[in-house]
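J.: Just a sequence and a predicted model for now, questions to come.
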Amino acid sequence: MIAAAPGGSADVPAEFLRALRELHLVDADEPVTGQALAGGVSSDIWRLDTCRGALCVKRALPRLRVAADWRAPVERNLYEARWMQVAREAVPGAAPRVLGQHAALGVLVMDYLPPEAHALWKDQLRRGIAQVPTAQAVGTTLGRIHAHAAKRRDTLAAQFDTDRIFYDIRLEPYLMATAARHADLAPALHALVRQTQEHKLGLVHGDVSPKNILVPAHAQAARFLGRPEPEGMSPVLLDAECAWWGDPAFDLAFCLNHLLLKCLWVPPARSGLLACFDALAAAYRPCVDWEPPQTLEARAARLLPGLLLARVDGKSPVEYLVEPWQHDLVRRVARQLLRQPEQQLAAVRAAFAGALEAAAEALAPPAPDAATGSEAPG
């Protein structure tokens, strides 16, 4: 995360110093200080202070910081840098500005985005701030990036020939690992892997999650006041380490998945989160001009329950679902939808919302008896 709160101060890694000097971003004898940033699972991420100002520097890790043995090629941040450049061409400001990428060291250097200028969408949602305009802006930004890239297939497809990386960091730890735990669903989950691999239609970010989306403070303030948003104030998408020329439906389903799961994390915001689900999908749809929108939606709707199940039983379970009943609810909905796939996102949302409603009723305390004020006998 680029605008995350700093962790503890420490000596700047030698690889970072060497990369900055060889990329001519600092002078040979220039002092550089810095702090590690919190939240890096797949990379070391630092804020470095130089004579030219603050920089964000990250280095991909060969083994991710999760409980499972999850490894990925370190050259992935070369493709992250390329994704950011394409995204900024499509939507100015939609990704950090790349200042340099040192392929030999696996070090990426970009603008540092200060926390006071941006809010992390995940932090907002955690506090129950689920605003439809933000979801609409995310859907439109993602759709515009996909549409921009799809028109440049002849140029871009070869630049993102990262099948192995995407399999290692997304398809295997999410869908294949989940299939290993649900043998009866393995054919359905393996079919989703094939579906995703076979529809190479656009540029995929691969990790469109609220934890990787910054909401510019000025845009947020303008929405709150009912004023037009400033130019160049789109949401900022971070951490495109999974960048791949593949199926754009993956990005749509991946982000919508998080909005559903967060209904279990922040129950008071459930209606707002479901409204954000609807708004993001609706804002994305008009951007789809590389294939019939309903065709892409059908793939996203089939994929979504697989991703739901993966976030409780794959190699990267979400950290905020800690109660067994929460896991059971996700499994129950996802398993049913994997057995009987839906073709529309609204149907997946309705199934999940129905399960949430039933769980809320089951967990509610008994109503007091109207006559005595005591709990009604069960």
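T.: Structure's in. What do you need?
J.: Check which residues of the helix or strand containing R332 are buried.
T.: Assigned by DSSP states H and E, R332 belongs to helix 324-339. For helix 324-339, a neighbour-count test (16 or more other Cβ atoms under 10 Å) marks Q326, H327, L329, V330, V333, A334, R335, L337, L338 as buried. The way it works is simple: take the backbone N, C-alpha and C, and place the C-beta from them, glycine included.
J.: now, which of the residues you listed sits nearest V236?
T.: Proximity of the buried residues of helix 324-339 to V236 (Cβ to Cβ) peaks at V330, which lies at 29.0 Å.
J.: and that closest one, what does it touch?
T.: L261, L264, L308, L309, R311, V312, L321 (Cβ atoms under 8 Å, 6 or more residues apart in numbering).
J.: got a winner among those residues for most neighbours?
T.: L309 (28 neighbours; other Cβ atoms under 10 Å).
J.: In this structure it contacts A186, no?
T.: No. Assessed by Cβ atoms under 8 Å, L309 is found out of contact with A186, at 11.8 Å.
J.: which other helices and strands contact the next helix or strand after the helix holding R332?
T.: For helix 324-339, the following helix or strand on the C-terminal side (DSSP H and E) is helix 345-363. Judged by 3 or more Cβ pairs under 8 Å, 6 or more residues apart in numbering; DSSP states H and E, helix 345-363 is in contact with helix 249-265, helix 270-284, helix 293-313, helix 324-339.
J.: buried stuff in helix 345-363?
T.: Within helix 345-363, the residues that count as buried by 16+ other Cβ under 10 Å are L345, V348, R349, A351, F352, A353, A355, L356, A359.
J.: Touching, the second one and E342? I think so.
T.: Yes. V348 sits in contact with E342 when judged by Cβ under 8 Å, with a separation of 5.4 Å.
J.: where do the contact lists of the two overlap?
T.: In contact with both V348 and E342: A301, using Cβ under 8 Å, 6+ apart.
J.: hang on, isn't A28 packed against L20?
T.: No. The criterion here is Cβ under 8 Å, and A28 misses it with L20 at 10.2 Å.
J.: And those two? Which one has more around it.
T.: Set A28 next to L20 and count neighbours by other Cβ under 10 Å: L20 wins out with 24 against 6.
J.: For the spatially most central residue of the chain, which residues are in contact?
T.: The centroid of the chain falls nearest to S209 when counting by Cα atoms, centre = their mean (1.9 Å). Residues in contact with S209 (Cβ under 8 Å, 6+ apart) are K122, F254, C255, H258.
J.: Quick check on it: phi, psi?
T.: As for S209, its main-chain torsions (degrees, to the nearest 10) stand at phi -130, psi 150.
J.: and the end-to-end length of stretch 197-214?
T.: 29 Å (Cα to Cα, to the nearest Å).
J.: Flag every buried residue along it.
T.: Judged by neighbour count (16+ other Cβ under 10 Å), stretch 197-214 contains these buried residues: 199-214.
J.: next one: it to chain centre, how far?
T.: Distance of stretch 197-214 from its chain centroid, counting by Cα atoms, centre = their mean, to the nearest Å, is 7 Å.
J.: mean confidence score for that stretch?
T.: Average pLDDT, stretch 197-214: 97.
J.: before we move on, what about stretch 305-314?
T.: 98.
J.: And the contacts of it?
T.: 173-175, 177-178, 181-182, 185, 188-189, 192, 253-254, 257, 260-261, 316-318, 321, 326-327, 330-331, 333-338, 341, 348, 352.
J.: can you check stretch 134-147 too?
T.: If you take Cβ under 8 Å, 6+ apart as the criterion, stretch 134-147 is touched by 86-87, 90-91, 94, 121, 124, 202-203, 205, 208, 213, 215, 219-220, 223, 229, 234-235, 237, 248, 251-252, 255, 259, 275-277, 279-290.
J.: If any of these are buried, put those into a PyMOL selection.
T.: Selection of buried members from the contacts of stretch 134-147 for PyMOL, criterion 16+ other Cβ under 10 Å:
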select buried, resi 86+87+90+91+94+121+124+202+203+205+208+213+215+219+220+223+229+234+235+237+248+251+252+255+259+275+276+277+279+280+281+282+283+284+285+287+288+290
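J.: Would you state the strands of the protein in chain order?
T.: Shown for the chain, the strands assigned by DSSP state E span residues 6-9, 33-37, 43-50, 53-60, 98-102, 107-111, 118-120, 202-204, 213-216, 236-237, 244-246.
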